[in-house]
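A.B. asks: model the structure of this input:
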Amino acid sequence: MVTNLILQVVEESVAATGIEAFIKISGKLGLRFVVDFISVLVLIRFVYFPIYKRRELFFTYFVFNIVIFMICFLLNKVDLSMGAAFGLFAVFSMLRYRTEDISMKDMTYLFLVIAIGLISAVTKIKGADDATESLFVGLINVLIIIVAYLLESKLLMKKEGVKTIIYENINLIHTGREAELIEDIKNRTGINVHRVNIQKIDFLKDSAQIKIFYFE
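C.D. replies: Here you go, the predicted structure:
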């Protein structure tokens, strides 16, 4: 009888401890997830989308971020080191889609949402409570968003646009006639081109593939 009573008390204590641990972890997870989700939402909706207008990548960015966040948060509960976390981050950041070409800018934003997920999941402050840690994580994410916004805006530098054209006036491809080439492209396209980069020359068709650069 006494043994059964002791076992019952132990089981109830273990169950109570497990419930308390679950509530504590759930609260921390929820708080950090909110910070992570809002950070990615601001970055993608208010920095990325107004410029690139690629709505189809919303799903990709949010899913990558959430998956990275959840994996790193859960692994962090089994004493995942920061080095291992960054190793995992590096593996995910090198993923490429083979079915569709993704621009360097799109890959950079993918890198950013993965980084935000990692930072939100594993950042710790010794001796700090959950609210303080979440506030610190939020400030780091805000800093990342501000830097991305400043680099995308015209506040720090002029924004340069790039287009690739097929150009048939092969005579202006010669070295030393770059000024004439730029002027001819300006007249034909109406774009204020300031430099060009010749990609390919096809002498059979008397044409060239040229990358033109202009300030937006």
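A.B. asks: domain ranges for this protein?
C.D. replies: Domain assignment for the chain by automatic domain parsing gives 2-152, 160-215.
A.B. asks: a markdown table for those, including mean neighbour count and mean pLDDT?
C.D. replies: Using the backbone N, CA and C atoms, a C-beta is placed for each residue, glycine as well. Output for the domains of the chain, formatted as a markdown table (neighbours: other CB atoms under 10 Å; pLDDT from 0 to 100):
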| stretch | mean neighbour count | mean pLDDT |
| --- | --- | --- |
| domain 2-152 | 15 | 77 |
| domain 160-215 | 13 | 90 |
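A.B. asks: could you find the closest non-adjacent residue to residue 105?
C.D. replies: The shortest distance from residue 105 to any residue other than its chain neighbours is 6.8 Å, reached at residue 52 (CB to CB, 6 or more residues apart in numbering).
A.B. asks: tell me the secondary structure of residue 126, please.
C.D. replies: Counting by DSSP: H, G, I helix; E, B strand; the rest coil, the backbone at residue 126 sits in coil.
A.B. asks: cool, and residue 155?
C.D. replies: Going by three-state DSSP, the state assigned to residue 155 is coil.
A.B. asks: where do the strands sit along the chain?
C.D. replies: 160-167, 193-202, 207-215 (DSSP state E).
A.B. asks: now those in CSV, with distance to residue 106?
C.D. replies: What follows is the strands of the chain, written out as CSV (distance: least, CB to CB, whole Å):
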stretch, distance to residue 106
strand 160-167, 14
strand 193-202, 21
strand 207-215, 18
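A.B. asks: which one, of the ones you listed, ends up nearest to residue 103?
C.D. replies: strand 160-167 (10.1 Å; CB to CB).
A.B. asks: show me what that closest one is packed up against.
C.D. replies: Contact partners of strand 160-167 among helices and strands, from 3 or more CB pairs under 8 Å, 6 or more residues apart in numbering; DSSP states H and E: helix 178-189, strand 207-215.
A.B. asks: just give me how far the longest one sits from the chain centre.
C.D. replies: Put plainly, it is helix 178-189. For helix 178-189, the distance between its averaged C-alpha position and the chain's averaged C-alpha position is 36 Å (CA atoms, centre = their mean, to the nearest Å).
A.B. asks: quick check: angle from that helix to strand 160-167?
C.D. replies: Note on geometry: by axes from the mean of the first three to the mean of the last three CA atoms, to 10 degrees, helix 178-189 and strand 160-167 are set 90 degrees apart in direction.
A.B. asks: and helix 178-189, what other elements does it pack with?
C.D. replies: Identification of packing neighbours for helix 178-189 by 3+ CB pairs under 8 Å, 6+ apart yields strand 160-167, strand 193-202, strand 207-215.
A.B. asks: let me know the angle separating the longest one from helix 178-189.
C.D. replies: Think strand 193-202. Here strand 193-202 runs at an angle of 100 degrees relative to helix 178-189 (the same axes, to 10 degrees).
A.B. asks: same check on the last one?
C.D. replies: On the basis of the same axes, to 10 degrees, strand 207-215 is oriented at 80 degrees to helix 178-189.
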